[in-house]
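K.L.:
Sequence and predicted structure are below.
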Amino acid sequence: MNLSFTKILMLVAGLSVSLIASAQQDPHYSNFMHNKLAFNPGFAGNGDKFCATLLHRSQWVGFGGGQEGDVPRGAAPTNLVGSFNAPIGKRIGLGVHILRDELGFALATTPTLSLSYKHPFQNEDVLAIGFSAGLMQKSLDGTKLKPLEDGDAKIPNVNVSGTTMDFGAGIYYTRPSLSVFDNFYAGISATHLNQGKVTYEWPQGRRTDDLKMHYYFMAGAEYALSGGYFKLQPNLIVKKDPAKIQTDINCFLIWNDKLHGGLTWRPMDAAVVLFGYQLGGLYAGYSYDLTTSRILKYSSGSHEIILRYCFGIKYTPTTKPPVPILTPRFM
């Protein structure tokens, strides 16, 4: 059986138009190592600097958009995430991030607040436990959906929206030195702990999207090469949703702590090339995903841009002039 482009796209967009969603697929990021707060609240307040991050991802460029005959073609996945990460003293971490994720004719917006408690050890290791709470608001433009049967009560024919609370938890561990490696980190986390439900209602029907738990494991470190000008920075993330397990295996080569170049292999999905430049507290990065799945026939790949700025705040203690003490000896 031959499938038209529109039918293929409708299958991909099925996450947002099926009666009961079997999984809420979180967006993935090629620059995951620079965007940890998006999936692990234990990262909130990591380090001793305040960091603001902005990331935009355009996935499967050229796949979707426009129309095929009188049938609109939904947009390929795109998302924009902004975050702010702040240490509050030595024990508490604060993180805020807002995600805007678009897939087909569906749009999800999720503002999230993360808090972590950090326990430092004598050897400068730090173990942080974090929790997040957010509000997921989803909308679906039913006016652009074309059901196979007119009047299908399971598919909305108007704009619909719904909201649910969303919670997550994570553990994040850092160690300055581990064997031959520096700046080791590892984390494990889960999103959609409460498995919330987003309900759409319209005059002719009602449907519900169930959010399913997603699990993440990540780790990474740095290895200084001889000479001191170059470092290798391997990174790993394993993602599990109810449908599958996906792994990103990454390694950066860093020159003089400024110029970054890296490669990532995501089995059965993409090979990724990454570039970045660090100038003081500002980091700018770009990645290109070369799709290795069958979608390669319809897409020129995926693009991602990230900007991060980190800064510290110095507190200058105020000194009071000494107060003279009078005693009977000097009266």
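P.N.:
Looks like it came in fine.
K.L.:
so where's the stretch 1-150 of the chain shaky on pLDDT?
P.N.:
1-24, 64-74 (pLDDT under 70).
K.L.:
what do you get if the cut-off is 80, keeping everything else the same?
P.N.:
1-25, 63-75, 146-150 (pLDDT under 80).
K.L.:
which residue ranges form the strands in it?
P.N.:
50-58, 67-68, 71-72, 75-88, 92-104, 106-120, 126-141 (DSSP state E, counting those that start in this stretch).
K.L.:
closest one to Gly312 among those strands?
P.N.:
Nearest to Gly312 among these is strand 50-58; the distance by C-beta to C-beta comes to 7.2 Å. For the C-beta atoms, the positions are set from N, CA and C on the backbone; glycine is no exception.
K.L.:
what pairs with the closest one, and is each one parallel or antiparallel?
P.N.:
strand 75-88 (antiparallel), strand 302-311 (antiparallel) (DSSP bridges).
K.L.:
mind putting those strands in CSV, distance to Thr199 included?
P.N.:
Formatted as CSV, the strands paired with strand 50-58 follow (distance: least, C-beta to C-beta, whole Å):
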stretch, distance to Thr199
strand 75-88, 23
strand 302-311, 32
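K.L.:
most neighbours per residue, which of these?
P.N.:
For the strands paired with strand 50-58, average neighbour numbers computed from mean count of other C-beta atoms under 10 Å are highest in strand 75-88, which has a mean of 20.
K.L.:
Off-centre distance for it?
P.N.:
With C-alpha atoms, centre = their mean, to the nearest Å as the basis, strand 75-88 stands 6 Å off its chain's centre.
K.L.:
Next, count neighbours for Ile245.
P.N.:
10 (other C-beta atoms under 10 Å).
K.L.:
Would you tell me which of the strands paired with strand 50-58 gets closest to Pro267?
P.N.:
Closest approach to Pro267 among the strands paired with strand 50-58 (C-beta to C-beta): strand 302-311, 15.8 Å.
K.L.:
Contacts for the closest one next, please.
P.N.:
For strand 302-311, the external contacting residues (C-beta atoms under 8 Å, 6 or more residues apart in numbering) are 29-31, 34-35, 47, 49-61, 270, 276, 281-289, 291.
K.L.:
before we move on, the earlier item: could I get the strands of the stretch 1-150 of the chain as TSV with distance to Asp248?
P.N.:
Below are the strands of the stretch 1-150 of the chain laid out as TSV (distance: least, C-beta to C-beta, whole Å):
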stretch	distance to Asp248
strand 50-58	14
strand 67-68	33
strand 71-72	32
strand 75-88	16
strand 92-104	18
strand 106-120	22
strand 126-141	21
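K.L.:
can you give me the helices for the chain?
P.N.:
5-12, 14-17 (DSSP state H).
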